[in-house]
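Asker: fold the following and give me the result.
(4 chains)
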There are 2 protein chains.
Amino acid sequence: MHDRSVKPLRRVDLARATGCNLETIRYYETVGIMPDPPRSAKGYRSYDETHVRRLKFVMRSRDLGFSLEEIRELMGLVDNRTQTCAEVQAVAESHLKDVQAKIADLARIERVLSETVARCTGDAAPDCAVIDALLEA
Amino acid sequence: MHDRSVKPLRRVDLARATGCNLETIRYYETVGIMPDPPRSAKGYRSYDETHVRRLKFVMRSRDLGFSLEEIRELMGLVDNRTQTCAEVQAVAESHLKDVQAKIADLARIERVLSETVARCTGDAAPDCAVIDALLEA
DNA sequence: CCTAAGGTCTGTAGCTGATACAGGCTCAAG
DNA sequence: CTTGAGCCTGTATCAGCTACAGACCTTAGG
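Answerer: Numbers count the residues shown, from 1 in each chain, chains lettered A, B, ... in the order given. A predicted model of the protein is given here:
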């Protein structure tokens, strides 16, 4: 009962509530990731809790490595929830495969780098194992 | 003895010899990763084996995830090899730490994603575990 | 009521690391 | 000589932000 006429959030309030960068909020609006919010008489954006939730969703998704395009896709599925969650699962699974591939790539890089660094003597440059590894085919 | 007056390489030859994209070569020149090559009378770039080696070095380094800035640093150390290889080792080691951190991040993401996807029933959207995970704090 | 701090608005530029394209010129093989 | 392949430059595009300029507005304290 203590929410009679909740005061609207300014852009900076939304930023603070979510930890999102101020400018990024505007960016998300221009690229359609966040909806255009209602404006005050003077043109000031005014947000509410739905925006906080949505932005948190976006940020969590970004944090999990989803691209903006994937997030758009996810949110589209959520917004008109006429379909089953199988589609959502498919997006997430496809993204999971991407992540696993990236891990495999990085693991290879890690192996090469750590082997190379270990071979390094710290002596004169002409004998540097890192440089050799990069120069050799 | 069969290299009397080796014929100069064109840009496309350098691209083919290294597997680098044609435009990327020009890009690397503008950002100072590759040197400005000598030009023919008509202004055509002309490369030789030193460019091939240098570009291969750059590509291998990129492949191992070094940023252009890091590559510039590495090449600076190689070019005026007045210092010991300890500096090179330091660059590589610092990069190795970055790579390991990235792997750890991705591993966390992978865990969250795979757990979430596994919880998915494929049923109606309102119960979708992926969406729930993204909506929950 | 006035002032100062802090917020807001827009458009635009910069960042990384490429990649692509237009429009015009040139080279080399047949 | 023709034709196709390649060259040149400048500029635009992409993701995903981040930052700044310059003008305007709001709000709290004195």
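Asker: do stretch A:52-65 and chain B meet at all?
Answerer: Yes - using CB under 8 Å from any CB of the partner chain, stretch A:52-65 reaches chain B at A:53, A:56, A:57, A:60, A:61, A:63, A:64, A:65. Where you see a C-beta, it was placed from the backbone N, CA and C, and this is true even at glycine.
Asker: what distance do you get for the first one to DNA strand C?
Answerer: To tie it back to what came earlier, the one meant is residue A:53. To DNA strand C, residue A:53 is 18 Å away according to CB to the nearest atom of the strand, to the nearest Å.
Asker: poorly predicted segments of chain A, please.
Answerer: Where chain A drops to pLDDT under 70, the residues are A:1-5, A:77-85, A:121-137.
Asker: domains of it?
Answerer: A:1-82, A:95-137 (automatic domain parsing).
Asker: is there proximity between the first one and DNA strand D?
Answerer: Yes - contact check for domain A:1-82 against DNA strand D, using CB under 7 Å from any atom of the strand: residues in range are A:21, A:23-24, A:26-27, A:40-42, A:44, A:62, A:67-69.
Asker: show me which of those are buried.
Answerer: The neighbour-count test (16 or more other CB atoms under 10 Å in any protein chain shown) marks A:24, A:62 as buried among the residues of domain A:1-82 next to DNA strand D.
Asker: identify the farthest-apart pair in the residues of domain A:1-82 next to DNA strand D.
Answerer: Largest separation among the residues of domain A:1-82 next to DNA strand D by CB to CB: A:41 and A:67, giving 37.1 Å.
Asker: hmm, whatever helix or strand residue A:75 lives in in reach of DNA strand C?
Answerer: Element membership of residue A:75, judged by DSSP states H and E, is helix A:68-79. No - Helix A:68-79 does not reach DNA strand C (CB under 7 Å from any atom of the strand); its nearest approach is 14.6 Å.
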